[in-house]
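Colleague: For reference, the sequence and a predicted model appear below.
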Amino acid sequence: MNSIEVVKTNKSIDYETAVNSMQIRVNEILKNSQKELIWFLNHDHIYTQGTNSSNKEIIKKNILPILKTNRGGKTTYHGPGQRIVYFMIDLNKRKKDIRKFISLIEISLIQFLKNYNIESTTFKDRVGIWVTKNQGKVLKKEEKIGAIGLRLQKWITYHGLSFNINPNMKYYNFIHSCGLSEYKNTSLKELGVNISSDEFDKKYLIKFKNNLKKL
């Protein structure tokens, strides 16, 4: 596990710049000239569309820049107050099972949320992490707090998780987030929890590393 580098960036990183950096790192990992990487960061305001997205998922245009990207998944929002975790992990060294790797990312976030008395789950037909209960109170309808979109290159992962700590939630009103129009997105702040990005980084990293050992 010591072979994995962890980088925490607090300033906002342009989305395309981050994707280019990931691609360079993946190529270096393939050549065994760089370590695997877990990268915590923030993005500027942007809508991104994955390989399975449709333009119908954009309700109102000209709100934010819209960028087609090579990650899996559909349309989502990124911006300040949302923490991004990018995983450049070599599955050649582990089980070559992308579904299990995605599940590992999800389970780590579910475990993290339990620290704040927030219960969440996943669904087979909806990738991501969904809050079902907050402070012992069952939500009328589950709400999405974390989105996942990954890509593989010769069994090395890149892209990853976006998690809503305290973003401006109004930007979700102009898209069908992840192609789902009937569900609401939420954040830790909306659920009454105020934490820093640093607190999330530290606690989530512990959960993820422990779970990665099982892969």
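Modeller: Now that the structure is in, tell me what you want to look at. This is a predicted model, so every value here is computed, not measured.
Colleague: Nearest the geometric middle of the chain, what residue?
Modeller: Closest to where the C-alpha atoms of the chain average out (Cα atoms, centre = their mean) is L161, at 1.3 Å.
Colleague: hey, where'd the helices end up in the chain?
Modeller: Applying DSSP state H to the chain gives helices spanning 15-30, 98-114, 197-212.
Colleague: Quick check, pLDDT for the residue nearest to the centre of the chain.
Modeller: On the pLDDT scale, L161 is placed at 97.
Colleague: my guess is it contacts L109, does it?
Modeller: Yes. Counting by Cβ atoms under 8 Å, L161 does reach L109; the two are 7.0 Å apart. The C-beta positions use only the backbone N, C-alpha and C, and glycine is treated the same way.
Colleague: residues shared between the contacts of those two?
Modeller: G146 (Cβ atoms under 8 Å, 6 or more residues apart in numbering).
Colleague: Kindly reformat the helices of the chain as TSV containing mean neighbour count.
Modeller: Output for the helices of the chain, formatted as TSV (neighbours: other Cβ atoms under 10 Å):
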stretch	mean neighbour count
helix 15-30	17
helix 98-114	18
helix 197-212	17
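Colleague: Using CSV, lay out those together with distance to N52.
Modeller: Formatted as CSV, the helices of the chain follow (distance: least, Cβ to Cβ, whole Å):
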stretch, distance to N52
helix 15-30, 17
helix 98-114, 14
helix 197-212, 25
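Colleague: Kindly provide the distance from the closest residue to the residue nearest to the centre of the chain other than its chain neighbours to V7.
Modeller: Excluding its sequence neighbours, the residue lying closest to L161 (Cβ to Cβ, 6 or more residues apart in numbering) is V85, at 4.4 Å. Distance, V85 to V7, using Cβ to Cβ, to the nearest Å: 11 Å.
Colleague: Those two: who's more crowded?
Modeller: Neighbours per residue (other Cβ atoms under 10 Å) separate V85 from V7, with V85 holding more: 23 against 12.
Colleague: Please look at the more buried one and F163 and confirm they touch.
Modeller: Yes. With contact defined as Cβ under 8 Å, V85 counts as touching F163 (7.2 Å).
Colleague: Between these two, which contacts overlap?
Modeller: In contact with both V85 and F163: Y204, using Cβ under 8 Å, 6+ apart.
Colleague: in this protein, which helix or strand is least confident?
Modeller: None of the helices or strands of the chain scores lower by mean pLDDT, DSSP states H and E than strand 66-68, at a mean of 88.
Colleague: Contacts for that strand, please.
Modeller: For strand 66-68, contacts defined as Cβ under 8 Å, 6+ apart pick out 15-16, 46-49, 53, 58.
Colleague: where exactly do the strands run in the chain?
Modeller: Using DSSP state E, the strands found in the chain span residues 4-13, 36-43, 46-49, 66-68, 75-78, 82-88, 118-123, 126-134, 137-153, 156-164, 184-185.
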